[in-house]
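> Sequence first, predicted coordinates after that:
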Amino acid sequence: MPYNKPQIIRRTAPFKVDGLAMPYPEFVPRLYNFCMELGFRKGKIMPSRAFCSDENQGWPIIMLTKHFGTFPFNHGRVGGIVAIDRHGPHASHGEDSVIVQASHVGYDPHSGTYGKCTRPKRDGLCISDSCGKITHVITPYLEQYRFAQKRIFLHRDEQGRFLITAKNSFVDFESHPVKNGLVLRLENIVKIDDYNQIRSASALSTSQIYEVSESFRQQLDHRGYVWKSGAGENIGPQLTEDLFYFREDFHETDESILLERNLIEFMPMIVTSPNPSLRAAKINIQLEFARTVESIRRGSQYDGKNLLYVAGLNIDISEYEGNPATTYFVPWAAHIQIRENKNEKYLHPVEQEELFALLKKQKIENLDQMDLKEQIGRMLVAPRFDIRSPS
């Protein structure tokens with residue numbers, strides 16, 4: 001009997017937001033005080049950030065500058081991707097190291113929706129995608145999903161059979177497989193015969209008609225779906241994430257291909273979400289954290305150093321009703337490395353609930369913070385240097 005290798009499915013961990021978001025003016029001093037508790041040395045910490053390049057990520061960077069006393073090293077690429085090839089330069093800039101990594105998403109506190117923010121430097125009321133890169137990456141897949149929702153039909157015929165009609169372009173025929181696009185997981189939808197084959201009940205000019213499986217019909221019944229006779233109706237929201245996947249040549253050609261590679265496996269989960277950009281940001285954070293921790297452990301750049309790497313979600317809230325724009329941080333996980341490996345307590349990553357508790361118990365007052373206004377004032381009255389080219 002031939003051996004059928006089982007399919008290995010990768011899951012994402014539960015990423016909570018409710019009750020875990022901290023405004024950056026509270027998060028960063030707590031982060032600094034946590035560093036002090038871990039034994040990091042005052043005045044010797046080099047912070048680094050792996051954020052997107054949007055202007056609404058500026059206030060988090062300013063807060064890191066204020067509380068750690070220096071402008072943070074840039075460890076990020078578009079979409080909240082970590083530039084792991086910059087570990088060495090970052091490590092060489094300080095005795096102790098901190099990395100804060102975050103993808104970001106806009107949030108409207110009135111409607112509770114995610115994905116948009118206002119652009120105050122544009123004329124009028126300009127509302128756009130809060131992370132254009134994440135939106136740009138997932139948009140082609142959203143368009144394919146929405147097209148499929150309208151071109152796949154559920155119906156019941158005169159014989160009482162429960163049927164699904166799907167365009168040929170969604171069916172992965174052995175003789176004509178789908179090269180690019182949405183692929184239906186017919187094995188999760190239709191009947192399979194005694195020879196382990198999927199055969200259509202009939203065919204149309206551009207489509208196949210299949211009789212659905214008993215298990216699929218029961219799933220729809222459980223959701224309260226009512227089958228229609230005749231032409232039926234399009235599948236719409238019944239096209240759930242377990243019923244399809246994408247086979248694609250990547251759309252991106254620049255460094256943002258790293259973001260698309262992270263998301264492609266989970267794209268059915270993203271496009272079926274009520275908040276696709278939020279779901280995409282959560283997934284990217286998780287995968288980037290795992291990839292970055294692996295790069296740190298396999299490398300030697302941070303050997304003999306105190307290191308705190310914190311990953312999370314930046315939630316951007318635009319100006320409204322006279323309130324300034326602000327950003328909240330939702331911690332996800334942390335990698336902690338204590339100098340000379342004396343502490344085995346942090347052998348494994350600190351997971352979300354524990355990390356939130358560790359940060360929450362810290363004070364929000366930081367006696368070591370920099371007075372940015374004073375520092376800028378000192379620069380303005382400093383002597384002017386006569387800077388010349390060498391002769």
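That came through, no problem. Numbering: from 1, shown residues only.

> The nearest residue to residue 369 once chain neighbours are set aside: how many residues sit nearby?
Nearest residue to residue 369, sequence neighbours excluded (C-beta to C-beta, 6 or more residues apart in numbering): residue 67, at 5.0 Å. For glycine as for every other residue, the C-beta is placed from the backbone atoms N, C-alpha and C. The number of residues packed near residue 67 is 23, by other C-beta atoms under 10 Å.

> Kindly report the same for residue 154.
Neighbour number of residue 154 under other C-beta under 10 Å is 22.

> Which stretches in the chain count as helices?
24-38, 58-68, 87-91, 132-151, 214-222, 257-264, 267-271, 276-298, 352-360, 372-381 (DSSP state H).

> Take the second one, keep the C-alpha atoms, and write them as CSV.
What follows is helix 58-68 as a C-alpha-only set of coordinates in CSV (Å, rounded to 0.1, in the frame of the first residue of the first chain):
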residue,chain,number,x,y,z
GLY,A,58,6.6,59.0,14.1
TRP,A,59,5.2,59.5,17.6
PRO,A,60,6.2,56.0,18.7
ILE,A,61,9.8,56.7,17.5
ILE,A,62,9.8,60.1,19.3
MET,A,63,8.6,58.3,22.5
LEU,A,64,11.5,55.8,22.2
THR,A,65,13.9,58.7,21.7
LYS,A,66,12.6,60.5,24.8
HIS,A,67,12.7,57.5,27.2
PHE,A,68,15.9,55.8,26.0
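
> hang on, isn't the residue nearest to residue 369 packed against residue 27?
No. Assessed by C-beta atoms under 8 Å, residue 67 is found out of contact with residue 27, at 9.7 Å.

> How confident is the prediction for residue 102, by pLDDT?
Per-residue pLDDT puts residue 102 at 95.

> Please report how far it lies from residue 376.
27 Å (C-beta to C-beta, to the nearest Å).

> One more: residue 282?
37 Å.

> ok, these two, which is more surrounded?
residue 282 (26 against 9).

> residues contacting the more buried one?
12, 15, 103, 313 (C-beta atoms under 8 Å, 6 or more residues apart in numbering).

> hang on, isn't the second one packed against residue 332?
The reference is to residue 15. Yes. With contact defined as C-beta under 8 Å, residue 15 reaches residue 332; the gap is 6.5 Å.

> Now do the shared contacts for these two.
Joint contacts of residue 15 and residue 332 (C-beta under 8 Å, 6+ apart) are 285, 286, 313, 352.

> Using CSV, lay out those residues together with pLDDT.
CSV is the format used below for the shared contacts of residue 15 and residue 332 (pLDDT from 0 to 100):
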residue, pLDDT
285, 95
286, 96
313, 96
352, 97
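
> which of those residues has the most neighbours?
residue 285 (25 neighbours).

> how much space between residue 267 and residue 257?
14 Å.

> neighbour count winner among those two?
residue 267 (27 against 14).

> of the shared contacts of residue 15 and residue 332, closest to residue 235?
Checking those against residue 235 by C-beta to C-beta gives residue 286 as the nearest, at 29.5 Å.

> ok, the closest one to residue 279 distance?
Distance from residue 286 to residue 279, by C-beta to C-beta: 11 Å.

> for residue 162, same thing?
For residue 162, the distance to residue 279 - C-beta to C-beta - is 31 Å.

> right, so of the helices of the chain, which gets closest to residue 366?
Across the helices of the chain, closest to residue 366 is helix 24-38 (C-beta to C-beta), at 3.9 Å.

> Which neighbouring elements make contact with the closest one?
If contacts are counted by 3 or more C-beta pairs under 8 Å, 6 or more residues apart in numbering; DSSP states H and E, helix 24-38 sits against helix 58-68, strand 96-108, strand 307-317, strand 326-337, helix 352-360.

> how does it look with 7 Å?
helix 58-68, strand 307-317, strand 326-337, helix 352-360 (3 or more C-beta pairs under 7 Å, 6 or more residues apart in numbering; DSSP states H and E).

> Would you mind putting the ones you listed into a markdown table with distance to residue 382 alongside?
Formatted as a markdown table, those follow (distance: least, C-beta to C-beta, whole Å):
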| stretch | distance to residue 382 |
| --- | --- |
| helix 58-68 | 19 |
| strand 307-317 | 33 |
| strand 326-337 | 32 |
| helix 352-360 | 37 |
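
> among the ones you listed, which is the most enclosed?
strand 307-317 (a mean of 25; mean count of other C-beta atoms under 10 Å).

> Using PDB, write out every CA atom in it.
Output of strand 307-317 as PDB, limited to C-alpha atoms (Å, rounded to 0.1, in the frame of the first residue of the first chain):
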ATOM      1  CA  LEU A 307      18.800  42.000  24.700                       C
ATOM      2  CA  LEU A 308      15.100  42.600  24.800                       C
ATOM      3  CA  TYR A 309      13.200  42.000  21.600                       C
ATOM      4  CA  VAL A 310       9.500  42.900  21.800                       C
ATOM      5  CA  ALA A 311       7.000  42.400  19.000                       C
ATOM      6  CA  GLY A 312       3.500  43.700  18.900                       C
ATOM      7  CA  LEU A 313       0.800  45.600  17.000                       C
ATOM      8  CA  ASN A 314       0.700  49.400  16.500                       C
ATOM      9  CA  ILE A 315      -2.800  50.700  16.400                       C
ATOM     10  CA  ASP A 316      -3.100  54.200  14.900                       C
ATOM     11  CA  ILE A 317      -5.900  56.500  15.900                       C
END
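
> show me what contacts the residue nearest to residue 369?
By C-beta atoms under 7 Å, 6 or more residues apart in numbering, the residues touching residue 67 are 28, 29, 32, 366, 369.

> Neighbours of the last one, how many?
So the one you mean is residue 369. Using other C-beta under 10 Å: residue 369 sits among 16 other residues.

> confidence score at it?
Residue 369 is given a pLDDT of 93.

> wait, doesn't it sit right on residue 68?
No. Taking C-beta atoms under 7 Å as the definition, residue 369 is not a contact partner of residue 68, at 8.6 Å.

> Below-threshold pLDDT in the protein: ranges please.
Residue ranges of the chain with pLDDT under 70: 1-4, 126, 131, 251-256, 341-343.
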